[in-house]
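>>> Got a predicted structure here, sequence first:
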Amino acid sequence: MSAAVNVLRARKGVVALGAAGPGACTVRVQVPELWDTVAVRCAADTTCATLKQAVLDAFGERHHPVDEYVLKLRGFEVLDEAAAVTAAGAREGSTFLMTYRHRRPVR
């Protein structure tokens, strides 16, 4: 069932971070400002900072530095981005929200 969760309203394909093995999981990352979602297969030791950078690279987003984005899981900001994705509380099929740290003016 979790495989179906990762393809709902997501780009085709999966971004792979590290080697698949024990403890690996596939998560979704939504970026509401881009109206898009990407599935990411993370190795057991993939950090949240690596996840953020990989998502920005997948979307080709180079306008703002990675520090200007916040990563949230279940509504709460991931404060320790050096921690592994699974240590932050993610499980197979979890959805992260990645958005701007500060609101941007509407023009």
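In hand now; what should we look at?
>>> Tell me which residues touch the residue most central in space within the chain, please.
For the chain, the residue nearest the mean C-alpha position is residue 29 (3.7 Å; CA atoms, centre = their mean). Going by CB atoms under 8 Å, 6 or more residues apart in numbering, residue 29 touches 37, 38, 40, 51, 55, 71, 95, 96, 97, 98. In short, each C-beta sits where N, CA and C put it, glycine included.
>>> out of those, who's nearest residue 107?
residue 98 (22.0 Å; CB to CB).
>>> Now do the phi/psi pair for the closest one.
Reported as degrees, to the nearest 10, the phi and psi values for residue 98 are phi -120, psi 120.
>>> which stretches of the chain form strands?
In the chain, the strands defined using DSSP state E lie at 14-17, 25-31, 36-42, 69-73, 76-77, 95-100.
>>> Could you point out which of the ones you listed sits nearest residue 85?
With CB to CB, the closest approach to residue 85 among these belongs to strand 36-42: 4.8 Å.
>>> quick one: that closest one to chain centroid distance?
Distance, stretch centre to chain centre, for strand 36-42: 6 Å (CA atoms, centre = their mean, to the nearest Å).
>>> what helices or strands is it leaning on?
For strand 36-42, the contact count by 3 or more CB pairs under 8 Å, 6 or more residues apart in numbering; DSSP states H and E identifies strand 14-17, strand 25-31, helix 48-59 as packing neighbours.
>>> and these as a markdown table, adding distance to residue 76?
Output for the helices and strands packed on strand 36-42, formatted as a markdown table (distance: least, CB to CB, whole Å):
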| stretch | distance to residue 76 |
| --- | --- |
| strand 14-17 | 22 |
| strand 25-31 | 15 |
| helix 48-59 | 12 |
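>>> tell me the most buried of those?
Of all those, strand 25-31 carries the top mean neighbour count, a mean of 21, counting by mean count of other CB atoms under 10 Å.
>>> List the pairing partners of that one within its sheet, with orientation.
Strand 25-31 has the following strand partners under DSSP bridges: strand 36-42 (antiparallel), strand 95-100 (parallel).
>>> CA atoms only for it - export them in CSV, please.
Taking C-alpha atoms only, strand 25-31 is exported to CSV below (Å, rounded to 0.1, in the frame of the first residue of the first chain):
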residue,chain,number,x,y,z
CYS,A,25,12.5,3.9,3.0
THR,A,26,10.6,5.9,0.3
VAL,A,27,9.1,9.2,1.3
ARG,A,28,7.3,12.0,-0.5
VAL,A,29,8.4,15.6,-0.3
GLN,A,30,5.8,18.3,-1.2
VAL,A,31,6.8,21.9,-2.1
